[in-house]
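S.K.: This is a predicted model, with the sequence first.
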Amino acid sequence: MKILITNDDGIHAPGIHCLAEALAAVGEVAVVAPDRERSASSHALTLHHPLRAELIAPGRYAVDGTPTDCVNLGVHSLIDFHPDLVVSGINRGANLGDDVTYSGTVAAALEATLMGIPAFAISLASLEYAADYGGAATFAARLALQIRQHGLPLDTYLNVNVPAVAAELLKPPLFTTQGKRRYDGKIVDSVDPRGRSYYWIGTADFDFHDIDGSDVAALRRGHISVTPLHLDMTNHQALPLLRNWTF
């Protein structure tokens, strides 16, 4: 297999190094990742200034752009093969439910899927910098082999979330649905030492609905969650109702 790896935590994040090591056992690996953390960058693409890429080691590039930029540069310019698979991660912190719309990790897999390349994003449900990524990396390698054998459905990519437990305590993976957040957050506004106002988003302790069969429910019960996501965001059930509107 020819595998392109990226993330949104940056080229120096421990998760991407652990992932690259595990996937090197199943294929040829190249890493193209942001030169710094670009979490919550979603599917942003840099259009208004040029990008720069630095070769920091053989087959390892740091890009001053978003995860979406990294996939584009990797596929179309930087690496010397066309990837059979794009893997994004291992992210520090889960990407569950509605959070997939914000996630740069998930967006990188989406971008690869738009190009017709099988892809998955993988995250570890821990915010600890010294977290053990070994179990998640091992599962990523097994999932890569499954995708090589079976392929993925059309226009579909996978969002994987792994509990932050020792590898031997991980329960079998479950195929799940996308969960749902409770949006009871707030914005903290304050004043800096120079007297200027500032605002901090995402400071509340958000929670999720415990929906049976969802990614959240699986993770809470110690299972690896594998959620198939689709490029078509059309709400097909809503179309018959909306077509009854008159203008």
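M.R.: Looks like it came in fine. Numbers count the residues shown, from 1 in each chain.

S.K.: tell me the phi and psi of residue 43?
M.R.: phi -100, psi 30 (degrees, to the nearest 10).

S.K.: wait, isn't it in contact with residue 107?
M.R.: Yes: between residue 43 and residue 107 there is a contact under CB atoms under 8 Å: 4.0 Å. To be clear about C-beta, it is placed using only N, CA and C from the backbone, and glycine gets the same treatment.

S.K.: if I look at these two, which residues touch both of them?
M.R.: residue 68 (CB atoms under 8 Å, 6 or more residues apart in numbering).

S.K.: The two: which has the busier surroundings?
M.R.: Shown here are residue 43 and residue 107; by other CB atoms under 10 Å, residue 107 has more neighbours (26 against 17).

S.K.: what secondary structure does that one sit in?
M.R.: helix (DSSP: H, G, I helix; E, B strand; the rest coil).

S.K.: Over to residue 235?
M.R.: coil.

S.K.: Give me the neighbour count for it.
M.R.: Applying other CB under 10 Å, I find that residue 235 has 9 neighbouring residues.

S.K.: Please list all residues in contact with residue 6.
M.R.: 16, 31-34, 67, 70-71, 74, 86-88, 108.

S.K.: swap in residue 181?
M.R.: Residue 181 neighbours (CB under 8 Å, 6+ apart): 97-99, 206-209.

S.K.: try residue 110
M.R.: 43, 119, 157, 229, 231.

S.K.: quick one: the third one and residue 112 touch, right?
M.R.: By that I understand residue 157. Yes: Residue 157 is within contact range of residue 112, at 7.2 Å (criterion: CB under 8 Å).
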